[in-house]
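Asker: Let's see this in three dimensions:
(one chain, ligands or ions: 1)
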Amino acid sequence: MNAQPKNINLEEIVKADIAHHFHPFTDHKSFHAAGGPRVITHGDGVWIWDGKGNKILDGMSGLWCVNVGYGRKELAEAAYKQMLDLPYYNTFFKTTTVPATELAAKISSLLPERFQHVFFTNSGSEGNDTIVRFVRHYWKVMGKPYRQHFIGRRRGYHGSTMVASNLGGMVGMHEQGGTPLPGFHHVQQPYWFDFGGDKSPEDFGMDAAADLEKKILELGPENVAAFIGEPIQGAAGVLIPPSTYWPEVQRICKKYEILIVSDEVICGFGRTGNWFGFETFGFEPDIINMAKGLSSGYLPIGAVAFSDKLTKPFFEKGGDFNHGMTYDGHPVAAAVALKNIELIETENMVGRVRELAPYFAAGLQSLADHPIVGEVRSVGLIGAIELSSNKKTRARFHDSGRVGTICRDHCFQTNLIMRACWDTMVLAPPFCITKKEIDELFRLARIALDKTYADVSGEMA
Ligand SMILES: *Cc1c(COP(=O)(O)O)cnc(C)c1O
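Answerer: Now for the predicted structure:
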C-alpha cells in the first residue's frame, strides 16, 4: 500500500471546514447541525479511510470516477515527471504539448474510425458547454441556423454549469439560478421500474423513445440541433434502458437528421464492460463527451470527440471556433490520463469488468429477496437497488428520497459508500474490486438494508 495514514488534527480540520468551506450539493444547515464533514484522508484499492481511522469500502469509486482504484503509484509518477518537464503550456493559437497531442490520438484510436478529432476540457460540464456552443455554430455554418434546440431526458445529468444544468433534467437544479433557458427540452426517461406500468420493458422502451419523436415534431424537426443522453442515466439512479430504447432513438434521430450526443462521462472507459456505453447499447453517436474515467479522477480532465462529418466544415471553410479554456489539454492531466488508459489496457481492466459482471450481478440478486427491495439491476460494474414498500406493485414510500437517505446514512455507519438517488441505491465500485471484496460489499449492503427496513417496516404496503 502506497498511501499512509496522515497525522492530522481532525478537530482543527473539521472546525476550519465549517468556518471556511462552502460545499457543493450540500444542505448547509444540516451540514452544520451534523457537526461538519467526514474527512477522507487516504485510499488504497477499493478502500478509503476517514480521519477517525474507519476503513470504508467505496462502492461508488468516489463520484463514479476512480475506476482503476486508489493508490496507483504509476499515476502519481506520471504527474510528477510531467510537472518537472513542463507543468503547463496552452493549446490555443496553433500550439500544443506532447501529452495533449498523444492523448488526442490515443482517445481517437479507442473510438470508431469516424472520430478523428478530440477537443479537451477540464470537466464533464465543460464538455457539454463546449458541445452546445459547437453544435449551434456547426448548424449555422451548415446553413441551417434554426437548428438550435437541444433535447435531453428528465432526470438526465449532464453537469452543473449553466448550460450543462439546462441539458440535464434535474428539476431541483432548474429551480435555482434562472433555468431552464429557452432552447432546452426534456422527454421521458427509459425508467421501467417507475413508469413502465404493466408493459414489458421492451414495449416501454419503445414508448420512451416515441416521446422523443413527439417532442421533435412539436418543436419542428428543422429546429432541433441534437439529442443528448447518457447510455445509462447515472445520477438519476442507474437507469438501464430496455434493449429496444437506444436503437429506436437512433432510428428517430437519423430520420430527422438530428445529432446524437452520447454523454459517456460515467459509462466511458470500461464501466459497462466495453470501452464505451454506446457499444454496450448498440447506437452510433455523432459526439461523445468524456471525463471522470478518462483520468480515473486522479486529475481533472475531460474530452469531447466530434465525428469527422462535424469537423469537416471547420477544416474546409476556416474561421475561428471562438471557444476554449486556459487548461484545455493540460499537460499534467493529459499525462495522467494517458497513463490511466495504459493501465486499463495492460491490465485488461475492460475485460475484467466483463468477467466480474455476472458475479456482481449475482451479489445484487442475492438482495432481491429482501423485503424492502423492489428490483435490482446492473450492467458491467454499475448497478442499482430499488427501495420499495411493495415488491409486487413497485410502490414507493411517501416523500421521495426520504428512505433512500435513511439507507445511505446506515451505509455510512456500516462503512460502505453506497449512494442514494431518491429511493434508488446505486453502486459503481472500482474495477480492481476482487470477488472477496464484492462479497463484503453485499454483506455490508444487507446490513444497511436490514437497518433501513427496521426503521420503515410500519410503512410496508
Ligand atoms: C458527472 C457527470 C457530468 C459532469 O461532470 P463534471 O466533471 O462534474 O462537470 C456530466 N455528465 C455525466 C453523465 C456525469 O455523470
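Asker: So what pairs up with the residue in the stretch 301-450 of the chain positioned nearest to the ligand in the strands?
Answerer: Going by CB to the nearest ligand atom, the ligand is nearest to Gly302 of the stretch 301-450 of the chain, at 6.3 Å. C-betas here are computed from N, CA, C, even on glycine. For Gly302, the beta-bridge partners under DSSP bridges are Thr121.
Asker: what about the residue in the stretch 251-400 of the chain positioned nearest to the ligand, helix or strand, and which?
Answerer: Closest to the ligand within the stretch 251-400 of the chain is Val265: 3.5 Å, counting by CB to the nearest ligand atom. Val265 belongs to no helix or strand when elements are defined using DSSP states H and E.
Asker: could you list every residue that touches it?
Answerer: Trp64, Gly124, Gly127, Gly159, Glu230, Gly234, Asn289, Met290, Ala291, Lys292, Gly293, Gly302 (CB atoms under 8 Å, 6 or more residues apart in numbering).
Asker: again, but for Ile406
Answerer: Thr452, Asp455, Val456.
Asker: Also Arg136?
Answerer: Arg136 neighbours (CB under 8 Å, 6+ apart): Arg147, Gln148, Ala225.
Asker: residues from the stretch 201-350 of the chain in reach of the ligand?
Answerer: Residues of the stretch 201-350 of the chain lying near the ligand by CB under 6 Å from any ligand atom: Glu230, Gly234, Ala235, Asp263, Val265, Ile266, Ala291, Lys292.
Asker: Quick check, the fourth one in contact with Gly229.
Answerer: Yes - counting by CB atoms under 8 Å, Asp263 touches Gly229, with 6.6 Å between them.
Asker: Can you give me the neighbour number for Gly143?
Answerer: Neighbours of Gly143 under the rule other CB atoms under 10 Å: 7.
Asker: What does the nearest residue to the residue of the stretch 251-400 of the chain closest to the ligand once chain neighbours are set aside show for phi and psi?
Answerer: Leaving aside its sequence neighbours, Val265 sits nearest to Gly124 (CB to CB, 6 or more residues apart in numbering; 3.9 Å). In terms of degrees, to the nearest 10, the main-chain angles of Gly124 are phi -60, psi -40.
Asker: Would you mind measuring from Gly124 to the ligand?
Answerer: Distance from Gly124 to the ligand, counting by CB to the nearest ligand atom, to the nearest Å: 2 Å.
Asker: Please list all residues in contact with that residue.
Answerer: Applying CB under 8 Å, 6+ apart, we find Gly124 in contact with His158, Gly159, Ala164, Asp263, Val265, Asn289, Met290, Ala291, Lys292, Gly302.
Asker: what do you get if the cut-off is 7 Å, keeping everything else the same?
Answerer: With contacts defined as CB atoms under 7 Å, 6 or more residues apart in numbering, Gly124 is in contact with Gly159, Val265, Asn289, Ala291, Lys292, Gly302.
Asker: ok, now Ile438?
Answerer: Tyr359, Phe360, Gly363.
Asker: And the first one, how far from Thr91?
Answerer: According to CB to CB, to the nearest Å, Tyr359 stands 42 Å off from Thr91.
Asker: before we move on, what about Thr452?
Answerer: 49 Å.
Asker: And Pro99, by the same measure?
Answerer: 11 Å.
Asker: quick revisit: any chance of a markdown table for the contacts of Gly124, columns pLDDT?
Answerer: Below are those laid out as a markdown table (pLDDT from 0 to 100):
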| residue | pLDDT |
| --- | --- |
| Gly159 | 98 |
| Val265 | 98 |
| Asn289 | 99 |
| Ala291 | 98 |
| Lys292 | 98 |
| Gly302 | 98 |
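Asker: hmm, back to that, and the contacts of Arg136, which of them are in strands?
Answerer: Secondary structure from DSSP state E places Ala225 of these in strands.
Asker: out of the contacts of Arg136, who's nearest the ligand?
Answerer: Ala225 (18.1 Å).
Asker: Touching, that closest one and Phe150? I think so.
Answerer: Yes - counting by CB atoms under 7 Å, Ala225 does reach Phe150; the two are 5.9 Å apart.
Asker: The two: which has the busier surroundings?
Answerer: Phe150 (25 against 22).
Asker: On the three-state scheme, that one is what?
Answerer: Assigned state for Phe150: strand (three-state reduction, DSSP: H, G, I helix; E, B strand; the rest coil).
Asker: Could you pull out the buried residues of the biggest helix by length in the chain?
Answerer: Criterion DSSP state H: the longest helix present in the chain is helix 435-456. Neighbour counts over helix 435-456 (16 or more other CB atoms under 10 Å) mark 437-438, 440-442, 444-449, 451-453, 456 as buried.
Asker: Could you list which of these also contact the ligand?
Answerer: Within the buried residues of helix 435-456, nothing lies near the ligand by CB under 6 Å from any ligand atom.
Asker: Nearest residue to the residue nearest the centre of the chain in space, please, no chain neighbours.
Answerer: Taking CA atoms, centre = their mean, the centroid of the chain lies closest to Ile266, which sits 3.1 Å from it. Excluding the flanking residues, the one nearest Ile266 by CB to CB, 6+ apart is Gly234, at 4.2 Å.
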